[in-house]
Every structure is written in structure tokens, then in C-alpha cells.
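Colleague: Let me see the structure of the following:
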Amino acid sequence: MNHPSKIVVIDDDSDMRWAIRSILTEGGYDVAEARAGGEGLEIIGKSTPDAVLLDICMPGINGEEVLRRLRRLDDGLPVIMITAFGSIPGAVDAMQAGAFEYITKPFRNEQLVEIVRRAVQQRYGDRATAAAGVRPAITGVMGQGPSIQRLADQIEAVVATDYSVLIHGETGTGKEVVARTLHQQGPRAGRPFVVVDCGTVAESLTDSEFFGHEKGAYTGANGRHRGWFEVAAGGGTMFLDEIGNLPLTGQKALLRALEERVIHRVGGTEMIDVDVRVVAATNDDLKERSKIGNFRGDLFFRLSEYIITVPPLRTRPEDVPFLAKRFVDQARASLGRPPAEIDPAALDLLCGYRWPGNVRELRNVMRRAALVASGLILPGHVVGHLGDDAAAAVPPAAAETSLRGRVQDRVRAVERDAVLDALKQAGGNKAQAARLLGIDYKTYRTKLKLFCAGHGAIADERC
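Modeller: Residues are numbered from 1 along each chain as shown. Next up, the predicted model:
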């Protein structure tokens, strides 16, 4: 390990805390102390320890209750119960409730170090197991190029922790895919994953949406409503999509809930503990926005304990063929049709395009192509759906010196092939060929006449 493992000791006996700290510090561990259960829960909620040493008998919140709360906070955190000889039955009950091990006072130094070593080893083993599923989950969806491998590295580093994560990337790059991977491959998998579109949160309803409300809390509140925090409260993940769109009043309320880990519904007095991991996403530079005052700096730092950057599609063209084929196969399956291949010339167009809409735009283009194509995706099935940057995707003809002329000739050649191949696939039926290309019959006849006449284009035997 590159850094010392962190151990939290929760015990109301100052002499016992001193003894444990001395033994473990000498053994190379980083030790934090808490003299009460509530204080220990606060320390653990703000950090990610590797193991906890917890006294069973304490005033206030006793060890068994602290253990129950820790199980909800982080089910994979090893908790070692400290007990006097006469309280062994209580320690056995704690083991059944999920404690890693118990140790009786007085104990031998080497006994304590050995139990802690095994606990930390299990913790890192759990993290390694979680991280092992990240790479296939990401590469199976986003591609296998170097940029996606680096993205998987970032996710693996944080997936098994409770760090708040800020995912930064352009619109359409796959930020929600990353957020779901963090949830599904981490210790909170199987618990609620709550998606919040911060751009749709009305400022007047922020508290109600986040925290819920009681019946009669305001006009129109006809019954009790559970807010997003409460839905995710039992160990789930809350994904705050486009967090930069959240109004300042909502930012303040969100920060308070994240710091206090407790909420109450609007119009209610019941305090509700929330065990929630927060993952946020943005395409804004929130740090810069915080400097000019339209995003809270304290909330930015609370959300960005770890930052993951998702690369735009234009920087990783090597992933375009994989993604294009994946989207075509998905669309064809949903239509109940057999798989379709992608013509190499069509792939050239797709790989050369800059994709301002990123993966989302590629998906839409391939879904349309899958709908109109028969068994082969041709250039004509995609070129009409690309944006203004499509001309830049067309390779130049070596014999032409004018850039504009090269682009125009290449586009005409691509369009000609699409028109004539569609006619061949349709068995000479012009109306069917027009339908295959997704254009009207009159437009198709005009183009066919142009290309078959040999004016401005090369005549073809397919005419």
C-alpha cells in the first residue's frame, strides 16, 4: 500500500484509546480517535477508514447501535468489537449482526495487530473485487481505446469508497453511464439509484423535491411525499445530473443535508438519518463559476472529493466503429430484424466526423440508419443525418486540388452509391428504394435521373 491504512477507534476510555493508538501507530497505521459513538459516526461519515475498533459498552449511543448504523453507512467496513470478558455474549451477538471480529480486554499487543491486519486485508480484498468489475462494465459499453482505459482507471480508484464524486464532461459523453457503474460495481449495488435532473427542479419546490413534505405542508400538498434523499436514504446513491443548473437556494439546502446527514420533510419535525452516496455530473467549470458567485464554492468542494473526466467522442475516434456497431445491433434487435453490417466507406465517414453531440448523436444516427437499411449500412444511410461538420469527415480525392471541389465530389459519389445501391436492393422498385433511404419518391427519381444520365457524376451499370 502506498499510504498507511486508517483505523478509527471509538471508546469512551481515554487510557484504552491511548494504548490502542500507540500499538497501531507503531505498527504503521494511521489512527483517529472518538470518545463517543456519535463522534465516531461523524468521523467515519466524513472519511473512508479501512477498519474500526468499537467498544461495546459506552454511554449514549452504545456499540451495538453504532454497529447497526455503520452497517447502513458502509456494509463492507470491518468493525472489530472491544469487550470486557463478562460481555462476550454481547460481542457474539455483534458478530451475528455483522461485526468482523471481537477482542477481549486485556489483550496482547500482537493479538490486536493481527486482528487489525486481517480486517484491513479483507477491506482491500473487497475493494479489489469491486474494482475488478469496473473495466469490463465500462469497456463493454463505451469502447476499449486508451481514453476509456484511463477512464476505467479513474473509476476503479474510487468505486469501493464513499467519496462524493463529480463527473465532468460534455453533454452526451456518457456521464450517467459512469455514475451507474460507480453504483452498480460498488458496495451500494442493489440499493436505490436515484436520478435527479437538476435542470428541472423548480426553485419554489426544491425542499419538497429533495426532502419530501407532510400532508398540508403547503397548498396542494394533499398527502405525505418522500423526497429524493429519503428514497435513497437506506444506503443508495443519488445522481445529481447537471448540478450546475440547481438554483442557489437549492444549493444551500443540498449542502446542509450533505454536511448534517439528516433531513426533515417540509412541514414535519421528524429527523431522518440519510445514508446516501452523492455522485454529481456537470458540463460546466464549477470551480470558475464559484469564483464569480453563481455556484457555491463550499458545495463544489463538498461534491468534488474526487473528480472523473469523461472524454468527448471526437478525441477517441478509435471507439467509433465499436459504438456504431453496438447501436446498430441494439436498434435492429428492437425492430425484430437480423443484424446489419456497416460498409467500410460509411465507417470512414463516421470516424472522420467530429460528433459535436458526442455518443448521444452517434446513437441517434445509427438508430436511423438501422431503420432504413436492409442488410448493410451504406454511406447514404448516415451522411444525411450528420450535422454541418459532415463535409469535414469526407476524405479528399487525390486528383483534385480545390478543397471545395474535393468535398463536393466526394459527397456526390457517396450519394450516388447510396441511390444506386438502394435501387439494386429494392429489385428496381424506385418507390421501395426511396423508402429504404428515408426520402420521398419525387426526390429519389430526380437524383436517380441525375446519376444515371452521367452529367456531373459517373454513369454506373447499376442504372
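Colleague: Pass me the low-pLDDT residue ranges in the protein, would you?
Modeller: Within the chain, the segments meeting pLDDT under 70 span 1-3, 85-91, 125-130, 216, 219, 388-411, 453-463.
Colleague: who touches the residue most central in space within it in this structure?
Modeller: By C-alpha atoms, centre = their mean, the chain has its centre lying nearest to Ala179, at 1.4 Å. The neighbours of Ala179, taking C-beta atoms under 8 Å, 6 or more residues apart in numbering as the test, are Val165, Ile167, Thr237, Phe239, Val279, Ala281. Bear in mind the C-beta positions are built from the backbone N, C-alpha and C, glycine included.
Colleague: Name the SS class of it, please.
Modeller: Ala179 falls in the helix class when you classify it by DSSP: H, G, I helix; E, B strand; the rest coil.
Colleague: start the count at 284, not 1, going forward
Modeller: Sure, I'll start counting at 284 from here, so that last one is Ala462.
Colleague: can you tell me how far it sits from Thr331?
Modeller: 19 Å (C-beta to C-beta, to the nearest Å).
Colleague: on that earlier part again, output the contacts of Ala462 in JSON lines; the columns should cover neighbour count, distance to Gly533 and secondary structure.
Modeller: What follows is these, written out as JSON lines (neighbours: other C-beta atoms under 10 Å; distance: C-beta to C-beta, whole Å; DSSP: H, G, I helix; E, B strand; the rest coil):
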{"residue": "Val448", "neighbour count": "26", "distance to Gly533": "20", "secondary structure": "strand"}
{"residue": "Ile450", "neighbour count": "28", "distance to Gly533": "19", "secondary structure": "strand"}
{"residue": "Thr520", "neighbour count": "23", "distance to Gly533": "19", "secondary structure": "strand"}
{"residue": "Phe522", "neighbour count": "27", "distance to Gly533": "16", "secondary structure": "strand"}
{"residue": "Val562", "neighbour count": "28", "distance to Gly533": "17", "secondary structure": "strand"}
{"residue": "Ala564", "neighbour count": "23", "distance to Gly533": "16", "secondary structure": "strand"}
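Colleague: The closest residue to Asp333 other than its chain neighbours and Val403, how far apart?
Modeller: Excluding its sequence neighbours, the residue lying closest to Asp333 (C-beta to C-beta, 6 or more residues apart in numbering) is Ser288, at 4.2 Å. Applying C-beta to C-beta, the value for Ser288 to Val403 is 5 Å.
Colleague: Between these two, which contacts overlap?
Modeller: Taking C-beta under 8 Å, 6+ apart as the contact rule, Ser288 and Val403 both touch Asp333, Ala334.
Colleague: quick one: the helices in the stretch 634-746 of the chain?
Modeller: Ranges of helices in the stretch 634-746 of the chain, per DSSP state H, counting those that start in this stretch, are 641-655, 662-666, 686-708, 713-720, 724-736.
Colleague: err, the stretch 334-483 of the chain, not the other one
Modeller: 346-356, 371-379, 392-415, 417-425, 429-441, 458-467.
Colleague: Residues in contact with the fifth one: which ones?
Modeller: If you take C-beta under 8 Å, 6+ apart as the criterion, helix 429-441 is touched by 414, 417-418, 421-422, 425, 448, 461, 464-465, 468, 589, 591-594, 598-599, 601-602.
Colleague: Just the buried residues out of those residues, in PyMOL syntax.
Modeller: This is how PyMOL selects the buried members of these, with burial counted by 16 or more other C-beta atoms under 10 Å:
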select buried, resi 414+417+418+421+422+425+448+461+464+465+468+589+591+593+594+599+602
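Colleague: if we can go back for a sec, which one of the helices of the stretch 334-483 of the chain lies nearest to Cys481?
Modeller: helix 458-467 (12.6 Å; C-beta to C-beta).
Colleague: gap between the closest one and the chain center?
Modeller: 2 Å (C-alpha atoms, centre = their mean, to the nearest Å).
Colleague: For it, list the C-alpha coordinates in PDB.
Modeller: Provided in PDB are the C-alpha atoms of helix 458-467 (Å, rounded to 0.1, in the frame of the first residue of the first chain):
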ATOM      1  CA  LYS A 458     -21.700  10.800 -17.600                       C
ATOM      2  CA  GLU A 459     -24.700   8.800 -16.400                       C
ATOM      3  CA  VAL A 460     -23.000   5.600 -17.600                       C
ATOM      4  CA  VAL A 461     -20.100   6.400 -15.300                       C
ATOM      5  CA  ALA A 462     -22.400   7.200 -12.400                       C
ATOM      6  CA  ARG A 463     -24.400   3.900 -12.700                       C
ATOM      7  CA  THR A 464     -21.100   2.000 -12.900                       C
ATOM      8  CA  LEU A 465     -20.000   3.600  -9.600                       C
ATOM      9  CA  HIS A 466     -23.200   2.500  -8.000                       C
ATOM     10  CA  GLN A 467     -23.600  -1.000  -9.600                       C
END
